[in-house]
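Asker: need a 3D model of the following:
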Amino acid sequence: MNRKLVIIAASAALASGTLLAQNQNNELETPEERLSYTIGMDIGESLAGQDMPLDIDIVVQGLRDSFLGEETLLTQEEKQAEREKFIQQRQEQLQQQRSEEARINLEEGQAFLAANAEKQGVTTTESGLQYRVIEEGDGERPDADDRVTVHYRGKLINGVEFDSSYSRGEPATFGLNQVIPGWTEGVQLMREGAKYELFVPSDLAYGEQGRPGPIGPNSTLIFEIELLEVSPQPAESDAADG
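Answerer: The predicted structure follows:
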């Protein structure tokens with residue numbers, strides 16, 4: 001429902017005195033009462049999802065006073081100041097939470113990679129990338145500017161899967177210079193037909209920014225990659241001629 005319409009309708013319900021609290025029978029007897037309660041549910045559900053410290057009775061009071069044009073408890077300037085203070089506090093809180101998450105993810109990732117490096121079959125490159133050969137291939141090995149077709153799945157070190165071409169039912173094709181550094185380096189170690197497991201430190205993945213969803217800041221990632229095909233990028237002159 002349109003937010004402006006919700007507020008206007010709710011205010012009208014408040015002004016007309018059709019709140020359920022005024023209905024001694026706790027029943028919705030008229031279309032106006034049913035609509036008023038529906039609007040109230042919409043507003044309540046919206047506010048409940050905002051994680052804000054609210055006194056619902058005072059919310060109702062502010063809504064009623066503003067709609068009826070009565071004297072409000074805050075001036076417009078005070079209202080704006082309170083809003084800005086809350087926004088600033090929320091931003092600082094979120095930044096602190098993200099910084100703490102980044103610290104924890106980095107420490108856990110470093111500990112995981114240190115232990116993983118000692119496992120049989122795991123190789124660590126100069127950059128810090130780790131890989132394990134599941135199956136070797138005998139086809140072409142890609143360069144950094146080639147296009148590759150792969151099947152893959154990605155997960156966090158806690159086992160949470162965040163992406164999978166297998167789940168989508170079709171492989172992915174992209175340029176090796178268009179992906180995270182851990183992929184650009186790791187897939188170049190493979191030949192067509194190979195299947196590797198890559199253990200990617202955060203600085204070779206998405207770093208402090210992370211990604212929307214489960215990939216938080218400084219996350220170490222694990223990928224199982226099957227290299228199906230290597231396709232050299234066409235030269236600029238060839239592409240223009242085509």
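Asker: give me the distance between the longest helix along the chain and the centre of its chain.
Answerer: In the chain, taking DSSP state H as the definition, the longest helix is helix 76-116. From the chain centre to the centre of helix 76-116 is a distance of 14 Å (C-alpha atoms, centre = their mean, to the nearest Å).
Asker: ditto for stretch 67-74
Answerer: How far stretch 67-74 lies from its chain's middle: 40 Å, per C-alpha atoms, centre = their mean.
Asker: and what of stretch 225-236?
Answerer: Using C-alpha atoms, centre = their mean, the offset of stretch 225-236 from its chain centre is 30 Å.
Asker: which residues touch that stretch?
Answerer: Here stretch 225-236 makes contact (C-beta atoms under 8 Å, 6 or more residues apart in numbering) with 137, 139-143, 145-152, 171, 173, 175, 183, 186-187, 190-198, 242. Every residue, glycine included, has its C-beta placed from N, CA and C.
Asker: show the buried residues in those residues.
Answerer: With burial judged by 16 or more other C-beta atoms under 10 Å, the buried subset of the contacts of stretch 225-236 is 137, 140, 142, 146-152, 171, 183, 186-187, 190, 192, 194-198.
Asker: among those, which are in helices?
Answerer: Taking DSSP H as the definition of helices, the buried ones among the contacts of stretch 225-236 contribute W183, G186, V187.
Asker: just the pLDDT for the last one.
Answerer: Note on V187: pLDDT of 97.
Asker: hang on, it packs against R147?
Answerer: No: using C-beta atoms under 8 Å as the test, V187 is too far from R147 to be in contact (10.9 Å).
Asker: okay, now the unreliable bits of this structure?
Answerer: For the chain, the stretches with pLDDT under 70 are 1-25, 234-242.
Asker: for it, what spans make up the strands?
Answerer: 122-124, 130-135, 147-156, 161-164, 172-175, 195-200, 221-231 (DSSP state E).
Asker: now the last one: buried residues?
Answerer: Just to be clear, that refers to strand 221-231. L221, I222, F223, E224, I225, E226, L227, L228, E229, V230.
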